[in-house]
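# 3D model of this:
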Amino acid sequence: MMKAFIVAEIASNWEGNMSKAKKLILNCKNAGANAVKFQIWRAEDLYQKDHPEWINILKSELSFKKIKILKTYCDSIGIEFFASVFYPEAVEFLESIKVKRYKIASRTCTLKDPYSIETIEKIGITKKPTIISMGMGGNKKMIKQKISNNKDLFCYCISKYPTKISEINWKKAMEYNGFSDHTLGFTAPIIFAVLHKQKGTKNIFIEKHVKNKNSKGPDASSSMTTEELTKMISTIRNIEKLSIKNI
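Coordinates of the predicted model:
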């Protein structure tokens, strides 16, 4: 039977507010997500201070103290916490709080940001399962060499926010067991799940950005509400149970 590992990407949609972050985590847990994912970066490494969203970006920067609080909260309610990591010291900290896996973001794979290669190498040393999005390009061969783990998972991803569903190359997408989706709604993940069910794939990974209803963060425009997440997950769980002969 096919099984989907579904990740709710919170990113900056916690808006620098720990109460909002915990509410999102709880709602994602209740929606049936397997994990929630945050992004751990230093604003000054990735953005110029004249960026139009600089204040919101800076507000959404996660300190190690806040990361530990969120990880502890996730553990207490039974949902996995992990993150996209953008600097090597963050990997060291996440190791200290015993995360199970890592995510390497598309922009990190291009090696254009400071500390990208060091971060990739540091993740590689952990030998933990790693999800890798290459929507912005990058050297896949080099990434494989640095992250030499048979549990690594490259994802089909288009780094456009939001992505039009017509822009998805489904033939190409089916070369991947993972899908980091930036379309609006959840039609695309459902198609991805059905196609892999037909293909007979045993394990797939689906990641969607999620938000609270009134979220106004930089990622809000390409994110779904947790109510939509609930519907998406329910549909995918029903697809998992289908007989291939009936599709």
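
# which residues are contacting the longest helix belonging to the chain?
Looking across the chain with DSSP state H, the single longest helix is helix 226-241. Residues outside helix 226-241 that contact it (Cβ atoms under 8 Å, 6 or more residues apart in numbering) are 1-4, 6, 8, 24, 27-28, 30-33, 185-186, 189-190, 193-194, 197, 206, 208, 210-213, 224. Where C-beta positions appear, they are placed from N, C-alpha and C, glycine not excepted.

# try 7 Å this time
Outside helix 226-241, the residues that touch it by Cβ atoms under 7 Å, 6 or more residues apart in numbering are 1-4, 6, 8, 24, 27-28, 31-33, 185-186, 189-190, 193-194, 197, 208, 210.

# thought residue 101 was touching residue 132?
No: Residue 101 lies out of contact with residue 132 (Cβ atoms under 7 Å); the separation is 11.1 Å.

# put the buried members of the contacts of helix 226-241 into a ChimeraX selection.
The ChimeraX selection below is limited to those of the contacts of helix 226-241 classed as buried (16 or more other Cβ atoms under 10 Å):
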select :2,4,6,8,24,27,28,31,32,33,186,189,190,193,194,197,208,210
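
# residues contacting residue 54?
Residue 54 sits in contact with residue 47, where contact means Cβ under 7 Å, 6+ apart.

# residue 132 now?
Residue 132 is in contact with 104, 109, 143, 147, 152-155, counting by Cβ under 7 Å, 6+ apart.

# 8 Å instead?
Counting by Cβ under 8 Å, 6+ apart, the residues that residue 132 touches are 103-104, 109, 143, 147, 152-155.

# state the mean pLDDT of the longest strand along the chain.
In the chain, with assignment by DSSP state E, the single longest strand is strand 203-211. In this model, strand 203-211 has a mean pLDDT of 97.

# relative to it, what are the paired strands and their orientations?
Sheet pairing for strand 203-211, assigned by DSSP bridges, gives strand 3-9 (parallel), strand 178-181 (parallel), strand 224-225 (parallel).

# what's in contact with it?
Outside strand 203-211, the residues that reach it (Cβ under 8 Å, 6+ apart) are 2-11, 13, 24, 27-28, 37, 131, 153, 155, 177-182, 186, 189, 192-193, 196, 217, 219-220, 222-226, 229, 232, 236.
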